[in-house]
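In: pasting the sequence and the predicted model now:
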Amino acid sequence: MATIKFGTDGWRAIIAEDFTFDNVRICAQGVADYLKGSGLSQKGLVIGYDTRFASEDFAAAAAEVIAANNIKVHLCLSPAPTPVISYTVSAIKAAGAIIITASHNPGSWNGFKYKSQDGASASTEITSQIEKNIAYLTQTLSLQGRGAEGGVKRIALDKALKEGLISYMNPAPPYFKQLSHLVDIQELQHQKLKIIVDPMYGAGAGYFKTLLQDAGIEITEINAERNPTFPGIQPEPIAKNLTKLCSLVKEQKAEVGLATDGDADRIGIINEKGEFLNQHQVFALLCLYLLEVRGERGPMIKTLTSTTMISKLGEIFNVPVYETAVGFKYIAPLMIQKEAIIGGEESGGYGFRRHIPERDGILAGLYFLDFMAKTGKTPSQLLDYLYSKVGPHYYERIDSSITKTKRQVILKQLTSGSVDTIAGVKVTGMDSSDGFRFSLADKSWLLIRFSGTEPLVRLYAEGENLEKVRQLLGEGRKMIDV
C-alpha cells in the first residue's frame with residue numbers, strides 16, 4: 001500500500017487502487033485519534049461528500065469509525081459543496097470536518113479532506129499529526145492484523161443512528177442564510193441577466209439556480225446531473241474544460257457563464273463573448289470589486305503562483321499584500337491573523353473576510369455578478385477597466401506528468417544550477433519557498449513547481465503579452481527536459 005500523505009489539500013488516490021474503504025477507515029481513525037488527543041472530540045465532527053463514485057459510501061464508512069470513537073457525527077444527507085460543509089463547521093461550532101472529494105481530479109480519483117474547527121483547510125501541523133496517527137495504525141494493522149487492539153474502531157451505521165452518535169443534516173439552509181448577509185441576493189435576483197451555469201457534474205449543481213432564479217435573472221444549467229465519470233471533461237473550471245460553456249454563452253447571448261469544479265470551491269468565469277477569463281484576471285477583479293465597489297480595506301493574501309496585479313492594486317489602494325506558498329492551508333491562517341479581505345490562488349479558489357477562511361466558488365460567483373450589477377459593466381468591460389488601472393497582464397500554465405525518478409532529477413538540476421537570464425532577460429530574483437520562481441527585469445516571471453496532490457510538474461508564466469508568456473514557458477520546458 002502507498003503511504004497516505006496529505007498534500008496541499010488532503011489525500012487523494014485512485015479509487016479501488018489506494019482509495020479503498022480500509023484506507024478511508026484508517027484515515028478516519030487517524031482523525032479521531034487527533035481529535036481525542038487535542039481535546040476537541042466533544043465538539044463533534046461534520047462529514048460530507050461530493051458526487052463522485054461511491055462518495056456517500058466512503059463518507060458512511062468514515063462516519064462509522066468516528067462514531068465508534070464516541071465522537072458525534074453530523075452526516076450530510078446528500079452531496080454538498082466543500083465550502084458549504086466548511087461553513088457548517090463554524091456554524092455549529094464543530095471540531096472540524098471530513099469531506100470525501102477529489103475536487104478537480106479526474107473521475108477515477110477520490111479524496112479525503114480534513115477541515116479545522118474554523119472551517120479552513122487544516123494546517124500542516126494538524127495534517128502532520130493525522131499522518132503520524134495513520135502511519136502508526138497502518139504499521140500496527142500490518143503486524144497484528146485488522147482486529148488488533150487499539151486499531152480502527154467501527155460501529156454499524158444503523159446502530160450509530162439509533163444511539164444518536166450519527167445524525168443526518170442538510171447543510172444548505174444555514175449556508176444560504178450566510179450568503180444573504182454577504183450579498184444582496186434580492187437585488188441580484190431582479191437584475192436583467194442571462195446566466196449559464198456549469199457545475200461540471202459536481203456538488204455545486206443547483207446552488208446558483210436556487211439562490212438567484214427569480215423575476216429578472218434567467219439561469220440555465222448544463223452538466224447538472226450526477227455523473228461520476230465526468231464525461232468528456234475533467235471537473236476543473238479552466239478553459240480547455242469549458243468549451244461547451246463558452247459556446248453556449250456566445251450562442252445564447254448570455255451576459256456571463258459561471259463554472260464550479262467538482263466540489264464547488266473554485267470558480268471559472270466566461271465573458272459575454274464566450275471567452276474564458278483566467279484565474280488571475282478573476283482574482284484581480286474580485287480584489288478590485290472589494291476595494292472599490294464595497295469600499296473594504298485590509299490586507300490581501302496571494303500565493304507565489306498568483307498575478308502581480310494583486311500587488312499593484314495593493315499599491316493603488318494603499319493596502320498590504322502578503323504572499324504564501326501554494327495551498328489554502330497556508331493562506332487561511334494568514335487570512336485569520338491579518339483579518340484579510342480576500343485570499344486567493346492561481347487554481348481559481350478565493351476566500352473572503354466575514355465568511356470562512358476557505359475557498360468558496362459560489363460566493364466568488366455571486367460577488368462577480370454583484371460587480372457586474374453595481375457597475376453596469378459586462379465581464380469584458382470590467383477587465384478593460386482593471387487593465388486601465390494595472391496595465392495588461394497575460395498568463396498561461398502547462399502541466400506535465402512525471403515519474404518520481406524524473407521529479408528527483410529535475411529537482412537536483414534546478415537546485416544545483418544557477419540561472420542568470422531567461423529568454424534574454426536578466427533574472428532579478430529567485431524564490432524557492434514552493435518550487436522555483438524566477439523574477440525577471442521586465443517584471444515578468446516564470447515558476448516551475450511540483451504539484452502537491454498529483455504526479456505533475458507545472459510551469460507558470462506571466463508577462464505583458466502572450467508572446468512573452470509562451471516564450472517563457474518554452475524556456476521552462478527546456479529547463480525540465482533533463
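Out: Great, that's in hand.
In: how close does Gly361 get to Val197?
Out: Using CB to CB, to the nearest Å, Gly361 is found at 11 Å from Val197. All C-beta atoms are positioned from the backbone trio N, CA, C, and that covers glycine.
In: next one: Tyr460
Out: From Tyr460 over to Val197 the distance is 28 Å, taken as CB to CB.
In: circling back to that earlier point, ok, Gly361 and Val197, which is more surrounded?
Out: Gly361 (29 against 26; other CB atoms under 10 Å).
In: tell me the contacts of that one?
Out: Listed by CB atoms under 8 Å, 6 or more residues apart in numbering, the contact set of Gly361 reads Pro81, Pro83, Gly204, Pro237, Thr260, Asp261, Ala264, Asp265, Arg266, Ile267, Gly348, Gly349.
In: same question for Val31.
Out: With CB under 8 Å, 6+ apart, Val31 has these contacts: Leu45, Ile66, Gly96, Ile98, Tyr114, Ile130, Asn133.
In: that one in helix, strand or coil?
Out: When classified by DSSP: H, G, I helix; E, B strand; the rest coil, Val31 comes out as helix.
In: three-state assignment of the closest residue to Tyr460 other than its chain neighbours?
Out: Nearest non-adjacent residue to Tyr460, counting by CB to CB, 6 or more residues apart in numbering: Leu447, 4.2 Å away. Under three-state DSSP, Leu447 falls in the strand class.
In: just Leu141 next, same as before
Out: Classified using three-state DSSP, Leu141 is helix.
In: wouldn't it be in contact with Val152 here?
Out: Yes. Counting by CB atoms under 8 Å, Val152 is a contact partner of Leu141 at 7.2 Å.
In: tell me, what's touching those two both at once?
Out: In contact with both Leu141 and Val152: Ile26, using CB under 8 Å, 6+ apart.
In: now do the contacts for Asp431.
Out: Leu304, Arg437, Ser439.
In: ugh, wrong one, I meant Met372
Out: Counting by CB under 8 Å, 6+ apart, Met372 touches Gln191, Leu193, Glu255, Val256, Thr378, Pro379, Leu382.
In: need the max-distance pair from the residues you listed.
Out: Taking CB to CB, the two most distant members of these are Gln191 and Leu382; they sit 14.9 Å apart.
In: the more surrounded of those two?
Out: Between Gln191 and Leu382, counting by other CB under 10 Å, Leu382 is the more crowded of the two (22 against 18).
In: returning to what we had before: just the ones in helices from the contacts of Val31, please.
Out: Among these, the ones falling in helices (DSSP state H) are Ile66, Ile130, Asn133.
In: quick one: low-confidence parts of the stretch 1-150 of the chain?
Out: 1-2, 144-150 (pLDDT under 70).
In: again, 80 this time
Out: For the stretch 1-150 of the chain, the stretches flagged by pLDDT under 80 are 1-2, 8, 141-150.
In: just to revisit the earlier point, what about Leu141 and Val152, which has more around it?
Out: Higher neighbour count among Leu141 and Val152: Val152, with 22 against 18, using other CB under 10 Å.
In: so where's the stretch 201-350 of the chain shaky on pLDDT?
Out: Residue ranges of the stretch 201-350 of the chain with pLDDT under 80: 214-216.
In: mind redoing it with 50?
Out: The model of the stretch 201-350 of the chain has no residue with pLDDT under 50.
In: any chance you could map the strands in it?
Out: Along the stretch 201-350 of the chain, the stretches classed as strands by DSSP state E, counting those that start in this stretch are 218-221, 256-260, 267-270, 276-277, 300-303, 321-324, 342-344, 350-352.
In: can I get those in a markdown table with mean neighbour count and distance to Thr8?
Out: Output for these, formatted as a markdown table (neighbours: other CB atoms under 10 Å; distance: least, CB to CB, whole Å):
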| stretch | mean neighbour count | distance to Thr8 |
| --- | --- | --- |
| strand 218-221 | 17 | 29 |
| strand 256-260 | 29 | 19 |
| strand 267-270 | 27 | 18 |
| strand 276-277 | 22 | 23 |
| strand 300-303 | 26 | 10 |
| strand 321-324 | 19 | 11 |
| strand 342-344 | 29 | 14 |
| strand 350-352 | 26 | 14 |
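In: to Leu411, which of those lies closest?
Out: Of the strands of the stretch 201-350 of the chain, the one closest to Leu411 (CB to CB) turns out to be strand 300-303, at 19.9 Å.
In: and the closest one, which strands flank it?
Out: Note on strand 300-303: by DSSP bridges, its sheet partners are strand 321-324 (parallel), strand 342-344 (parallel).
In: returning to that earlier point: can you tell me which of the contacts of Gly361 are in helices?
Out: Judged by DSSP H, the contacts of Gly361 include Pro83 as members of helices.
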